[in-house]
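sequence first, predicted model second:
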Amino acid sequence: MSAPSVLERLGLHRPELRAWAMYDWANSAFMTTVVTAVFPIYFASVAAADLDPATATFRFAVMTFVALSAVAVLAPVLGAIADFAGIKKKMLGACLGFGVVATACMFFIERGDWLLAALLFMAANIGVTASFVFYDSLLPHIASNEEMDRVSTAAYALGYLGGGLLLAVNLAWIQRPDLFGLGGSEIASRLSFLSVAIWWLGFSIPLFRTVPEPVLVLEPSGLAAGPSVIRTAFARLGETLRELRGYKQACLMLLAFLVYNDGIGTIIRMATTFGTEIGLEQADLITAIMLVQFVGVPFALLFGQIAAWIGAKRAILLSLAVYVVICILAYRMTTATEFYVLALLVGMVQGGSQALSRSLFASMVPRHKSAEFFGFFGVFEKFAGIVGPGVFVVMILVTGSSRGAILSIIAFFVIGGGLLATVDVDEGRRVARNAEADQRR
């Protein structure tokens, strides 16, 4: 038997796998440039420049919460519609188009346009996060159980690389607009939003051209568009909620994910704030963001290999142990160099932990209800990150220091890891495959 090729080892050995993974490359540009690095600064310094800084921060936080909550509420319903009508790709395309148009329109945000900026940011966030429900739900249709971990981690690696490359270009425009013939950093920022929309749309094309729409497993009589589909989708959603008790291991995985992903989300959201608090320069913070992006590429791929050696569950537990170390080191951090070390450690485990969580869950859900189940996965993913920051704030009030608050985040990794350790992956997969077999009879 010949040795596996590089593409086989990466999990990208078939055209549909490569095309599916390219959507991570496409949408990550939005996550890095718009969500993480450029738009928050542009909103505070330009769009909301006429507002009090505290008011601007509050409104930014509110619109983020509204967008994530809207997706959390809609995701299971949209997933049920996609599963029942067999339109996962069409739903993905609709969400993609909505988000791309909103992102492109950010080009028109000028000084004082905080309301326009808020509405477009919410719309774009709803588009991109809703698209993940249908994107993720395609994974079990194109990859076998043995392939899912490698495919998912390879996609995350492509996302880190793609998002990092465009972010590097965007930051070059903003920091040295004169070198590119731009009128200043403000127009450069607006052009960066437009570039994200073009990048996101252009690199999504392979998925729509190559990945097939999953065959409609259900054969409902009189399937029709419109209200009947929506009513049936709601009925299916209620049925799935009742059936969740039969997928004990998948539910336990969801609960574990909710807890430990809350810790991961808190670190992501509070890292730059804590860095600013201890006196780090903006250049150091941006460099750390770039470091996470590019370190994430090889380590996301490495976690795919680790999962092949020891299993996805153990690989996730390994990443959670590293996060505990990160919290302990952050408690002691005082310099920019130490912040870079923490960024390096985060980049080593962030992509792998999230990619393997996606693939592990995908392996334990029935394919004919994958969009519904990933709708619930999306709910847990969106609400993960609400409790952690709240605990962070409470601990600051109690201890009077962010350092004590950082140590409190360890509890999320310990509890989440403990729950994950009890998941019987083989049993979860057996139940899902049996449900598929029953559906075909």
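Cool, the structure landed. Quantities reported herein were computed from a predicted structural model and do not represent experimental measurements. Numbers count the residues shown, from 1 in each chain.

does anything pack onto the longest helix seen in the chain? Which helices or strands?
The residue-count maximum for a helix in the chain (DSSP state H) belongs to helix 53-85. Packing partners of helix 53-85 (3 or more CB pairs under 8 Å, 6 or more residues apart in numbering; DSSP states H and E): helix 88-105, helix 114-137, helix 227-243, helix 370-383. All C-beta spots, glycine's among them, are computed from the backbone N, C-alpha and C.

what is the orientation angle of that helix with helix 114-137?
30 degrees (axes from the mean of the first three to the mean of the last three CA atoms, to 10 degrees).

distance from helix 53-85 to the middle of the chain?
13 Å (CA atoms, centre = their mean, to the nearest Å).

now it against helix 88-105, angle please.
Computed by the same axes, to 10 degrees, the angle between helix 53-85 and helix 88-105 is 160 degrees.

for helix 53-85, buried residues please.
The neighbour-count check on helix 53-85 (16 or more other CB atoms under 10 Å) flags 56, 59-60, 63-64, 67-68, 70-72, 74-85 as buried.

sorry, back to before: which of the helices and strands packed on helix 53-85 has the lowest mean pLDDT?
Mean pLDDT per stretch puts helix 227-243 lowest among those, at a mean of 64.

heading C-terminal from that helix, find the next helix or strand.
Once helix 227-243 ends, the next helix or strand along the chain (criterion: DSSP states H and E) is helix 248-277.

so for the helix or strand that comes right after that next one, what's the average pLDDT?
Moving toward the C-terminus from helix 248-277, the next helix or strand (DSSP H and E) is helix 282-310. The average pLDDT within helix 282-310 is 87.

mind checking what secondary structure residue 213 has?
Secondary structure, DSSP: H, G, I helix; E, B strand; the rest coil: residue 213 is coil.

quick one: it from residue 394, how far?
47 Å (CB to CB, to the nearest Å).

likewise for residue 25?
For residue 25 relative to residue 394 (CB to CB), the value is 38 Å.

of these two, who's got more company?
residue 25 (23 against 12; other CB atoms under 10 Å).

and that one, its phi and psi?
Taking degrees, to the nearest 10, you get phi -60, psi -40 for the backbone angles of residue 25.

pretty sure it sits against residue 202.
No - using CB atoms under 8 Å as the test, residue 25 is too far from residue 202 to be in contact (10.3 Å).

assign a three-state SS to the residue lying closest to residue 110 once chain neighbours are set aside, would you?
Once flanking residues are discounted, residue 110 sits nearest to residue 46: 7.3 Å by CB to CB, 6 or more residues apart in numbering. Assigned with three-state DSSP, residue 46 falls in the helix class.

let me see the confidence value for residue 46.
In this model, residue 46 is scored at 89, pLDDT.

dump the residue contacts of it.
Neighbour list for residue 46: 109-111, 186, 189 [criterion: CB atoms under 8 Å, 6 or more residues apart in numbering].

repeat that for 10 Å
109-114, 117, 185-186, 189-190 (CB atoms under 10 Å, 6 or more residues apart in numbering).

let's have those residues in JSON lines, adding secondary structure, distance to residue 347 and neighbour count.
Converted to JSON lines, those look like this (DSSP: H, G, I helix; E, B strand; the rest coil; distance: CB to CB, whole Å; neighbours: other CB atoms under 10 Å):
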{"residue": "109", "secondary structure": "coil", "distance to residue 347": "30", "neighbour count": "23"}
{"residue": "110", "secondary structure": "coil", "distance to residue 347": "35", "neighbour count": "13"}
{"residue": "111", "secondary structure": "coil", "distance to residue 347": "35", "neighbour count": "12"}
{"residue": "112", "secondary structure": "coil", "distance to residue 347": "37", "neighbour count": "14"}
{"residue": "113", "secondary structure": "coil", "distance to residue 347": "34", "neighbour count": "19"}
{"residue": "114", "secondary structure": "helix", "distance to residue 347": "33", "neighbour count": "22"}
{"residue": "117", "secondary structure": "helix", "distance to residue 347": "29", "neighbour count": "23"}
{"residue": "185", "secondary structure": "helix", "distance to residue 347": "27", "neighbour count": "17"}
{"residue": "186", "secondary structure": "helix", "distance to residue 347": "30", "neighbour count": "17"}
{"residue": "189", "secondary structure": "helix", "distance to residue 347": "25", "neighbour count": "24"}
{"residue": "190", "secondary structure": "helix", "distance to residue 347": "29", "neighbour count": "19"}
